[in-house]
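S.K.: what follows is a predicted structure for the sequence shown.
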Amino acid sequence: MRTIKATGSTNDDVAALARAGQPEGFWLRAETQTGGRGRHGRAWQSPPGNLYASTIVRLAPGDPSPATLAMVAALALHQVALAYGGEGRTALKWPNDLLLDGAKLSGILLESCDGAIVIGFGVNLAHRPEGLDRTTASFAAAGLGAPDPDAFLVDLADAFARWLGRWRNEGLAAIRREWLARAHPPGTPLRTTGPDGQVVDGLFEGLDESGALKLRLADGSVHLLHAGDVFLI
Ligand SMILES: O=C(O)CCCC[C@@H]1SC[C@@H]2NC(=O)N[C@@H]21
């Protein structure tokens, strides 16, 4: 585990290290990022006080689909958020968001890199971004105090290693079950945007065996979403 003052993006740094042979389990944290990246090419505001950290997973034969590491990452983050006071106030939202009081507390960015997956975590500890198209939360704004980023990362790395082990040893079905137990309830109204920009509204119906989102539409049919964005409505 290494902490640096500032960088462009910890995901870029860790991808370069992965290409140079850095083993699985390594973590890099930056106190601030000048080019933090979110999903779908969005910028990720990165003022000091929040957590910006990335790690490497080296894919092994027999591993479940790499995209499902998003669930592993979200489960680890959820576990740590409970330990920092989020009990009864958190929910997972597909594909990899953690909500605190219904607002986005964190972001997880998965990127593949020569047989490895780089997973970056941005967690709003002290600050929450303003002026976005969704409501955002931070531990501090929720009255839970701002956790120390280094201590939070030690707990996150530990939780992530445990959930990664379960993903490998027990398989996707177990991870999917655990993820669903921590998600907003079935029947939650959702607005989804697919990769082609198509907007579909429906009710949360769970995940299929591959981890795709199942949405119950007004006509009773089920819509499957394999990639995209989801908003609570
Ligand atoms: O859009 C999202 O929800 C994902 C945001 C991921 C942000 C983190 S911060 C650490 C790592 N470095 C980046 O540039 N992005 C990720």
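M.R.: Arrived safely, thanks for sending. Numbering: from 1, shown residues only.
S.K.: elements contacting the lengthiest helix in the chain?
M.R.: Counting residues, the longest helix found in the chain (DSSP state H) is helix 149-169. Using 3 or more CB pairs under 8 Å, 6 or more residues apart in numbering; DSSP states H and E as the contact test, the elements touching helix 149-169 are strand 27-33, strand 51-58, helix 69-81, strand 116-123, helix 172-182. Every C-beta, even on glycine, is put in place using the N, C-alpha and C of the backbone.
S.K.: ok, now with 6 Å
M.R.: When contacts are defined as 3 or more CB pairs under 6 Å, 6 or more residues apart in numbering; DSSP states H and E, helix 149-169 sits against strand 51-58, helix 69-81.
S.K.: for it, the distance to its chain's centre please.
M.R.: Shown here is helix 149-169, whose average C-alpha point lies 13 Å from the average C-alpha point of the whole chain (CA atoms, centre = their mean, to the nearest Å).
S.K.: lowest-scoring secondary structure element of the protein by mean pLDDT?
M.R.: Within the chain, judged by mean pLDDT, DSSP states H and E, the helix or strand with the poorest mean is strand 229-232; its value is a mean of 92.
S.K.: partners of that one in the sheet?
M.R.: Within its sheet, strand 229-232 is paired with strand 189-193 (antiparallel), according to DSSP bridges.
S.K.: I figured V57 hits I117, correct?
M.R.: Yes. Contact status for V57 versus I117: in contact at 4.6 Å, counting by CB atoms under 6 Å.
S.K.: mind checking which helix or strand the most centrally placed residue in the chain is in?
M.R.: For the chain, the residue whose C-alpha lies nearest the mean C-alpha position (CA atoms, centre = their mean) is I108; its distance is 3.3 Å. Using DSSP states H and E, I108 maps to strand 106-113.
S.K.: residues of that strand that come out buried?
M.R.: 106-111, 113 (16 or more other CB atoms under 10 Å).
S.K.: could you export the helices and strands packed on helix 149-169 as CSV, including distance to A126, mean neighbour count and mean pLDDT?
M.R.: Written out in CSV, the entries for the helices and strands packed on helix 149-169 read as follows (distance: least, CB to CB, whole Å; neighbours: other CB atoms under 10 Å; pLDDT from 0 to 100):
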stretch, distance to A126, mean neighbour count, mean pLDDT
strand 51-58, 9, 24, 98
helix 69-81, 15, 25, 97
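S.K.: can I get these in JSON lines with distance to the ligand?
M.R.: Listed next are those as JSON lines, based on distance: least, CB to the nearest ligand atom, whole Å:
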{"stretch": "strand 51-58", "distance to the ligand": "4"}
{"stretch": "helix 69-81", "distance to the ligand": "10"}
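S.K.: near the ligand, which residues of the chain?
M.R.: Applying CB under 6 Å from any ligand atom, one finds that the chain approaches the ligand through 9-11, 33, 36-39, 42, 44, 52, 54, 107-109, 120-122.
S.K.: recalculate using a threshold of 8 Å.
M.R.: Applying CB under 8 Å from any ligand atom, one finds that the chain approaches the ligand through 8-12, 30, 33, 35-40, 42, 44, 46, 51-54, 96-97, 104, 106-109, 120-122.
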